[in-house]
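1. What shape does this take:
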Amino acid sequence: MASSEGAWVQLAVTAASADLEAIADLLREYAPGAVWIEPAIETSDHRDFAYRVLERGTVRAALEVLLPEVRQELEVRLARLPLGAPAGPLVTEVLEQREWAEEWKRFYHVLRVGEHLVVRPSWEAFDATPGDVVIVLDPGAAFGTGQHPSTRLCLAALEREVRPGDRVLDVGCGSGILSVAAVALGASEALGVDIEEEAPRATEQNAAVNGFAGRVRAATGSLGTSWPWPAEPAAGAFDVVVANISAVVLAQLLPDIAAALAPGGRCVGAGFIDAAAADVHGAVAAAGLRLLREDIEEDESGIEWRCLVAVREG
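-> This next block holds a predicted model:
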């Protein structure tokens, strides 16, 4: 399907809430920068941030052209995804560019996290109260808007752990929401690394929107041999390292995370569920870190997402 001049093809897939991120990751391969998730929540009273959790949500993407062979390939790959429940069919619709550019804004609203953090889309007004720490963040191609339990758990942990003047490393920075939050909470600087090429640009752009240009830096890479700042060694350089990534990658990186922490530094690790908790705890101990606490948030499908805080003792 080819769109007419000035029009785009919108793709939509409805699925269980726990499967939306996996589908979005696949669609981003075909439509980088033009994929959004309609959060599986229904807001009610804007003032108290109440919401009702829904069982299914929708992933949408926009392409200038959708060739028949590309659609066929995409449908095959969607069918092969290891989803928790069957997804709906791939639905297409021709939209004017201005339509899809505004469409996803209907689904993102002000979100309060922890005691004082507030995540606000740029198009929504918000009357902050004394003590509120407001982050302006628009959804985009990079992961991290505060809608996912693991992101909310990390934000709440950073609110407790970041101290004035801390230097923070954000591993798998995505949209930069955690880097921006760390600086907003008093960190002197936050560095972000991500293997996705879009993420560093999104992180620094969101930092600039919040007035933190220069205090948040990001680059493509990771810890270890992929460290992107050879003139600034990571060893012992950070007071807080936050990693909102998968259980497997978190366990693999924990030795490098421990090495990057200064004595007394704290690791905030998330992105894993209850089934992987024992493996992650073992990796924490093997890396020489001491587990301080672990917080849990259950998503709408009953999956328990976890976020741990561990310390490198002096």
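
2. what about residue 196, which SS state?
-> coil (DSSP: H, G, I helix; E, B strand; the rest coil).

3. now residue 186
-> coil.

4. Could you tell me how many residues sit around the closest residue to it other than its chain neighbours?
-> Excluding the flanking residues, the one nearest residue 186 by CB to CB, 6 or more residues apart in numbering is residue 164, at 4.1 Å. All C-beta atoms are positioned from the backbone trio N, CA, C, and that covers glycine. Neighbours of residue 164 under the rule other CB atoms under 10 Å: 8.

5. Could you do the one 3 residues further on as well?
-> Other residues within reach of residue 167 by the criterion other CB under 10 Å amount to 17.

6. Report the contact partners of it.
-> 187, 188, 189, 190, 191, 237, 238, 239, 240 (CB atoms under 8 Å, 6 or more residues apart in numbering).

7. Quick check: it vs residue 29, distance?
-> Here the criterion is CB to CB, to the nearest Å. By it, residue 167 lies 34 Å from residue 29.

8. hey, which helix or strand in the protein has the poorest pLDDT?
-> For the chain, using mean pLDDT, DSSP states H and E, the weakest element among its helices and strands is strand 51-53, scoring a mean of 50.

9. Check which element follows it along the chain.
-> Toward the C-terminus, strand 51-53 is succeeded by strand 56-63 as the next helix or strand (DSSP states H and E).

10. tell me the mean pLDDT for that following strand?
-> Mean per-residue pLDDT for strand 56-63: 86.

11. and that strand, which strands flank it?
-> strand 7-16 (antiparallel), strand 35-38 (antiparallel) (DSSP bridges).

12. In TSV, list those strands along with mean neighbour count and distance to residue 64.
-> Formatted as TSV, the strands paired with strand 56-63 follow (neighbours: other CB atoms under 10 Å; distance: least, CB to CB, whole Å):
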stretch	mean neighbour count	distance to residue 64
strand 7-16	20	6
strand 35-38	22	14
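
13. Show me the helices in the stretch 101-250 of the chain, by range?
-> In the stretch 101-250 of the chain, the helices defined using DSSP state H, counting those that start in this stretch lie at 149-161, 177-184, 198-209, 247-260.

14. how many other residues sit next to residue 224?
-> Residue 224, neighbours per other CB under 10 Å, totals 13.

15. Could you do residue 67 as well?
-> 11.

16. Next one: it, what pLDDT does it get?
-> pLDDT at residue 67 comes out at 78.

17. Out of the helices of the stretch 101-250 of the chain, which one sits most buried?
-> Of the helices of the stretch 101-250 of the chain, the one with the most neighbours on average (mean count of other CB atoms under 10 Å) is helix 177-184, at a mean of 29.

18. Compare the contacts of residue 167 and tell me which is most surrounded.
-> residue 190 (32 neighbours).

19. mind listing what residue 272 touches?
-> The neighbours of residue 272, taking CB under 8 Å, 6+ apart as the test, are 246, 247, 250, 280, 305, 306.

20. residues touching the last one, list them.
-> It refers to residue 306. Taking CB under 8 Å, 6+ apart, one finds 153, 270, 272, 273, 274, 277, 280, 294, 295, 296 in contact with residue 306.

21. now residue 152, nearest residue through space, not along the chain?
-> Take residue 152 and drop its neighbours on the chain: the residue closest to it by CB to CB, 6+ apart is residue 113, 5.1 Å away.

22. Can you get me a residue count around that neighbour?
-> Counted with other CB under 10 Å, residues neighbouring residue 113 total 22.

23. Show me the beta-bridge partners of it.
-> With DSSP bridges as the criterion, residue 113 is bridged to residue 117.

24. And it, what's its pLDDT?
-> The model's pLDDT for residue 113 equals 89.

25. Check residue 123 too.
-> Per-residue pLDDT puts residue 123 at 82.
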